[in-house]
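In: Give me a 3D structure for the following:
(chains A and B)
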Amino acid sequence: MLTKDLFRKPKNELETSAKERKSNKVNIPDELFINCPSCRKTQLKADINESCGICPSCGHYYKIGARARLEMIADKKSFTEHDAKLTAVNIISFPEYDEKIEKARKESRECEAVITGVCKIGGYPCAVFVMEPRFIMGSMGSIVGEKITRVFEYATKKHLPVIGYTVSGGARMQEGIISLLQMAKVSGAVKNHSDAGNLYLTVLTNPTTGGVTASFAMLGDIIIAEPNALIGFAGPRVIEQTIRQKLPANFQRAEYLLKTGFIDDIVGRREQKAYLARVLKIHSGGRS
Amino acid sequence: MSAYDKVLAARAKGRPTASDYINNIFSDFTEMHGDRRFGDDPAVIAGIAILEQTPVTVIGLEKGHDTKEKISRNFGSAHPEGYRKALRQMKLAEKFARPVICFVDTSGAYCGVDAESRGQGQAIAENLYEMMTLKTPIISIFIGEGGSGGALALAVADQVWILENAVYSVISPEGCASILWKDAKRVKEASECLKMTAGDLKSLGAIERIIPENENFAAVYKSISKLLVKTLHDFNTYSEKKLEEMLKKRYRKFRKIGEI
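Out: Next comes the predicted model:
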């Protein structure tokens, strides 16, 4: 990194400065205080955890782990995990990938970049998948594709709706063509689930990009997003390099996608559980 | 040839492009323009034609030949309307029970403001989704560069073939080297690691067939034509039951990639 880069304001969420990377460790228990990357105020970590990972002063949305998200939406003790032990494998013997997996497992305390299973939301049963941002940026390798495919196949068999939370840098390049083809595999499973008349709802969170946007993230019957979430196919840096221009403000943000017609609504974190329960109620014939 | 040599060969100036294959393999090609939603994308050629005696739908990602054509075709990098044009033609192929033949040659879907604002991700996703259950045979042939999601959007097929010196990858070797190692010069190493050559792709189960190349491309066109005729004959999808079997097989084929 060049010295001048140390003092430059990051252009977007994908490009975090060293200082921010340090402050983003929301889920490390021995750290009592953190600085909000948006308003820079020092806050008690406990306060942020209390408020669904939203900054009490400025409303900034912290990245939160998959388990924390599940806790926010699933009814108490209703979640049963599927395929919890499936772990990334170095399928094409890519250099330094084994170490990367090991590090990701330690940092996230998860085996892969997605958690899948079944739960109840407001009393309504559904299948869920929730992506994990701390596992190699939520990138999609063969196990991520496999777990999401399995949850769709299970939901098709049991006639269950699927609720999916996405956060991802895209296909995981260390698994080469195998990770690219997961896009087709998961999309096929989504299609079969849909053809059997089942509901699929996606919640796009910051950031959702690349091969995940270009497959199951954008295939929901209903697509909602969190405020200010970055959602796109190409990352903003790649676009700026291609067109050699600064991007317009708000570009690829949830609000922009709502305006251009690519998502159904923007729903804040605190309101998501009630929103999901309502949609599930309407899709189960209105019974409560 | 090393993996990087193949990358260079796949991008080489003078290598035949999709329109060369279309003109040499089919007769009566009639081009169809536009996605009926936004516009017409010159990076995608689509239309109907005859293969021997069989009516077919043909779609190609076209890079162009000379500089002027290359610019007008955006170097084969499609916008969302290009993928939507392709899907529209595939839906018509399903309606009229015509097999679909795709020629893939792109460094990737275009990364730009317009492409993003018109839903590049959504357009690619929709193609993957619809192609998986399209009720007519699909054959995709990689003739040069197969760049990531923008290539896959025309390659959810019953059969995927690749020319000996074509490549197909999740990311360009340049992109991989600069993201992983912050060093674009390590492109040769990245080319090897990504397993993007025809031989590697075959052994990983990503493609079904490698088509040998010949300096005389007329021989290549002839061999592709023969293979297409034979393969389409073998599909023999005239009964509803055969069609169902074909779709199950198509799903299974992608389902087993990375299956545990």
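In: so where do the strands sit in the stretch 1-150 of chain A?
Out: Here the stretch 1-150 of chain A has its strands, by DSSP state E, counting those that start in this stretch, at A:33-35, A:42-44, A:80-82, A:114-121, A:124-131.
In: mind giving me a markdown table with those and columns for mean neighbour count, distance to B:K230 and mean pLDDT?
Out: In short, each C-beta sits where N, CA and C put it, glycine included. Shown next, in a markdown table, are these (neighbours: other C-beta atoms under 10 Å in any protein chain shown; distance: least, C-beta to C-beta, whole Å; pLDDT from 0 to 100):
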| stretch | mean neighbour count | distance to B:K230 | mean pLDDT |
| --- | --- | --- | --- |
| strand A:33-35 | 16 | 64 | 87 |
| strand A:42-44 | 13 | 68 | 87 |
| strand A:80-82 | 13 | 43 | 98 |
| strand A:114-121 | 23 | 42 | 98 |
| strand A:124-131 | 24 | 42 | 98 |
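In: Any regions of the chain where pLDDT drops low?
Out: No chain in the question, so chain A it is. Under the criterion pLDDT under 70, the flagged ranges of chain A are A:1-30, A:287-288.
In: can you give me the helices for it?
Out: Here chain A has its helices, by DSSP state H, at A:3-6, A:18-23, A:45-50, A:66-73, A:97-108, A:142-158, A:176-195, A:210-213, A:236-243, A:254-259, A:269-283.
In: just checking, what packs against the fifth one?
Out: Spelled out, that is helix A:97-108. Helix A:97-108 sits against no helix or strand, with contacts defined as 3 or more C-beta pairs under 8 Å, 6 or more residues apart in numbering or on different chains; DSSP states H and E.
In: Any buried residues in that helix, and which?
Out: Neighbour counts over helix A:97-108 (16 or more other C-beta atoms under 10 Å in any protein chain shown) mark A:97, A:100-101, A:104, A:108 as buried.
In: I'd like the residues you listed written out as JSON lines, with distance to A:V267 added.
Out: Shown next, in JSON lines, are those (distance: C-beta to C-beta, whole Å):
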{"residue": "A:Y97", "distance to A:V267": "36"}
{"residue": "A:K100", "distance to A:V267": "33"}
{"residue": "A:I101", "distance to A:V267": "33"}
{"residue": "A:A104", "distance to A:V267": "29"}
{"residue": "A:S108", "distance to A:V267": "25"}
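In: Could you tell me how far A:D195 is located from chain B?
Out: 7 Å (C-beta to the nearest C-beta, to the nearest Å).
In: Pretty sure that residue sits against B:K135.
Out: No - in this structure, A:D195 is not within contact of B:K135 by C-beta atoms under 8 Å, at 11.9 Å.
In: Please say which of the two ends up with more neighbours.
Out: B:K135 (14 against 11; other C-beta atoms under 10 Å in any protein chain shown).
In: Is stretch A:159-167 positioned near chain B?
Out: No - Stretch A:159-167 is not in contact with chain B by C-beta under 8 Å from any C-beta of the partner chain; minimum separation 11.0 Å.
In: Put together TSV for the strands of the stretch 1-150 of chain A, with distance to chain B on each row.
Out: Below are the strands of the stretch 1-150 of chain A laid out as TSV (distance: least, C-beta to the nearest C-beta, whole Å):
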stretch	distance to chain B
strand A:33-35	27
strand A:42-44	32
strand A:80-82	12
strand A:114-121	13
strand A:124-131	15
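In: In CSV, list the ones you listed along with distance to A:S179.
Out: Converted to CSV, those look like this (distance: least, C-beta to C-beta, whole Å):
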stretch, distance to A:S179
strand A:33-35, 32
strand A:42-44, 37
strand A:80-82, 21
strand A:114-121, 13
strand A:124-131, 14
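In: need the contact list for B:F26.
Out: B:F26 makes contact with B:49-51, B:56, B:58 under the criterion C-beta atoms under 8 Å, 6 or more residues apart in numbering or on different chains.
In: Name the member of the residues you listed with the most neighbours.
Out: In the contacts of B:F26, the most neighbours by other C-beta under 10 Å go to B:V58, 27 neighbours.
In: Assign a three-state SS to it, would you?
Out: Under DSSP: H, G, I helix; E, B strand; the rest coil, B:V58 falls in the strand class.
In: Is it bridged to anything, and to what?
Out: When bridges are called by DSSP bridges, B:V58 pairs up with B:G47, B:I101.
In: Among the strands of the stretch 1-150 of chain A, which comes closest to A:K157?
Out: strand A:124-131 (10.2 Å; C-beta to C-beta).
In: contacting residues around the closest one?
Out: Here strand A:124-131 has contacts from A:66, A:69-70, A:73-74, A:79, A:113-120, A:138, A:144, A:147-148, A:151-152, A:154-155, A:158, A:160-168, A:212, A:277, A:280-281, A:284, using C-beta under 8 Å, 6+ apart.
In: sorry, back to before: between the strands of the stretch 1-150 of chain A, which one is closest to B:S223.
Out: strand A:114-121 (42.8 Å).
In: Partner strands of the closest one, with direction?
Out: strand A:80-82 (antiparallel), strand A:124-131 (antiparallel).
In: could you dump it to CSV, C-alpha only?
Out: Extracted C-alpha coordinates of strand A:114-121, given in CSV (Å, rounded to 0.1, in the frame of the first residue of the first chain):
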residue,chain,number,x,y,z
VAL,A,114,-23.5,-19.9,4.5
ILE,A,115,-25.7,-21.4,7.2
THR,A,116,-28.8,-23.3,6.1
GLY,A,117,-31.7,-25.0,7.9
VAL,A,118,-35.4,-24.7,8.8
CYS,A,119,-37.0,-22.4,11.3
LYS,A,120,-40.2,-20.6,12.2
ILE,A,121,-40.8,-16.9,11.7
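In: Quick check on B:I141: phi, psi?
Out: Here is the backbone geometry of B:I141 (degrees, to the nearest 10): phi -120, psi 120.
In: how about the residues of the stretch 1-150 of chain A near chain B?
Out: Residues of the stretch 1-150 of chain A lying near chain B (C-beta under 8 Å from any C-beta): A:86, A:91-92, A:94-95, A:141-143, A:145-146, A:149.
In: List the contacts of the residue in the stretch 1-150 of chain A that chain B sits nearest to.
Out: Among the residues of the stretch 1-150 of chain A, A:S142 lies closest to chain B, at 2.9 Å counting by C-beta to the nearest C-beta. The contact partners of A:S142, by C-beta under 8 Å, 6+ apart, come to A:88-89, A:91, A:175, A:178-179, A:182, B:257-258.
In: give me that answer again for 7 Å
Out: A:S142 makes contacts with A:91, A:175, A:178-179, A:182, B:258, as judged by C-beta atoms under 7 Å, 6 or more residues apart in numbering or on different chains.
In: what's the distance between the residue sitting nearest the centre point of chain B and B:F142?
Out: Nearest residue to the geometric centre of chain B (C-alpha atoms, centre = their mean): B:V104, 2.6 Å. Going from B:V104 to B:F142 by C-beta to C-beta, to the nearest Å gives 5 Å.
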